[in-house]
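Novice: Requesting a structural model of the entry that follows:
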Amino acid sequence: MGFMSSWVKLKYLNVFSVVVSTDTQSVSTVSHVSVKQGGSITIPCLYNQRYRNNVKYGCRGYNWLGCSTVVRTDHPKTSGKTSVSDDINQRVFTVTMTSLSLSDSDYYWCIVERKIKADDGDRLQISVTPGTPELYVDQQQITGVVGGSVTVLCYYSSQGSSGRWCRMGGSCVAAGHYGALDGTFLKLVQEQRETTNGYVLMVNMSGLMMKNTGWYWCEKGKLQMPVHITVNQPTTTQSTTANQNNGGTDETQQEKDQRLERMFFYLLKAGSVLPFLLCTIIAVVKFRENRHQDDTKDALTPESCFWRNLPTVCTKYFFPERNNNTLSVQNIMKESLQ
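Specialist: Predicted coordinates for the structure are as follows:
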């Protein structure tokens, strides 16, 4: 499959020939994908901003030394059933392989060529199976509109660990959780599907923004399946297409439900703060009330009570034993002065 770029290998023929992705994630990709025989797969390779103008290429083999170059961005973009494209704005180059056969199962590399330093890259594994893949999606390319929503269905054969939805180069959200991902509201539901004899992770992203355009992936155990989401400005044509793709569902009602879910999510966040605020307010009120009572007591004497005619206050502070007596404060004061 592909052709051998021997001059590249000779140029860097030493044990430090390639720098595998480090903590800085100069080049990164998925680690393992499962594809059905005869199908196709697009592998996204994210790279650092400083590699925008570098040559990128895909290579086949467990080790970088001796691996076979499959396709390069500075050569014809297509080689046999493999093609490559480079989006310098998203900092992602993609390698697409079609009509996959069992013999295509192997390890592959996403590599960025560097003229002075050793090349930089990351490795992944592609497993081609004659039956149902262990993790797959209906399509890898999804389109949505600003303010709208998209739903991705990720199918897998066994329950095992919980699935996740991740933004390439970003964070992940686990199944069964509500959350925010790059400003969008995200809901993940995992359930069993009898029709597919397996399970499905339903990923719904609502409140889409232009910045949400990019690569994501479903994750289940050691497997990932990349999915690209494109967010466009809404048009009449796109709205009609969205309705058709959703099987004629009521978009208005769906948007209402999503707004309610978002409201519920943010109310839960606000609700966690309310008990603290209430306790603080009660404490302040009690403190001020006690201060006021102390100040009132300090400012009064039995004589001033008598002349200011403050029966309730005077009886409470100066004659507590007579607090329930029906006598007036004047009578109490007269008794005390005798």
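
Novice: Helices of the chain, start to end?
Specialist: Under the criterion DSSP state H, helices of the chain are mapped to 6-11, 236-245, 251-271, 274-299, 302-308, 311-318, 329-337.

Novice: weakest of those in terms of mean pLDDT?
Specialist: Lowest mean pLDDT within the helices of the chain: helix 6-11, a mean of 36.

Novice: Run through the residues that contact the closest residue to residue 190 other than its chain neighbours.
Specialist: Leaving aside its sequence neighbours, residue 190 sits nearest to residue 175 (C-beta to C-beta, 6 or more residues apart in numbering; 4.0 Å). Where C-beta positions appear, they are placed from N, C-alpha and C, glycine not excepted. Contacts for residue 175 (C-beta atoms under 8 Å, 6 or more residues apart in numbering) come out as 162-164, 188-190, 201.

Novice: Mind putting these into CSV with pLDDT, neighbour count and distance to residue 127?
Specialist: Compiled in CSV, the contacts of residue 175 are given as follows (pLDDT from 0 to 100; neighbours: other C-beta atoms under 10 Å; distance: C-beta to C-beta, whole Å):
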residue, pLDDT, neighbour count, distance to residue 127
162, 77, 15, 22
163, 86, 24, 18
164, 91, 21, 20
188, 87, 23, 25
189, 87, 13, 27
190, 84, 18, 23
201, 90, 25, 19
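
Novice: Poorly predicted segments of this structure, please.
Specialist: The chain contains residues with pLDDT under 70 at 1-25, 159-161, 194-197, 236-274, 276, 285-338.

Novice: Pick out the most distant pair among the contacts of residue 175.
Specialist: 164 and 189 (13.0 Å; C-beta to C-beta).

Novice: from memory residue 193 sits against residue 201, does it?
Specialist: No. If you go by C-beta atoms under 8 Å, residue 193 and residue 201 don't touch, sitting 10.4 Å apart.

Novice: since we're on the nearest residue to residue 144 once chain neighbours are set aside, how many residues are nearby?
Specialist: Leaving aside its sequence neighbours, residue 144 sits nearest to residue 150 (C-beta to C-beta, 6+ apart; 4.1 Å). Residue 150 has 22 neighbours, counted by other C-beta atoms under 10 Å.

Novice: measure residue 150 to residue 209 for me?
Specialist: Residue 150 is 12 Å from residue 209, where distance means C-beta to C-beta, to the nearest Å.

Novice: re the thing from before, hmm, the residue nearest to residue 144 is touching residue 205, no?
Specialist: Yes. Using C-beta under 8 Å, residue 150 is in contact with residue 205, at 5.4 Å.
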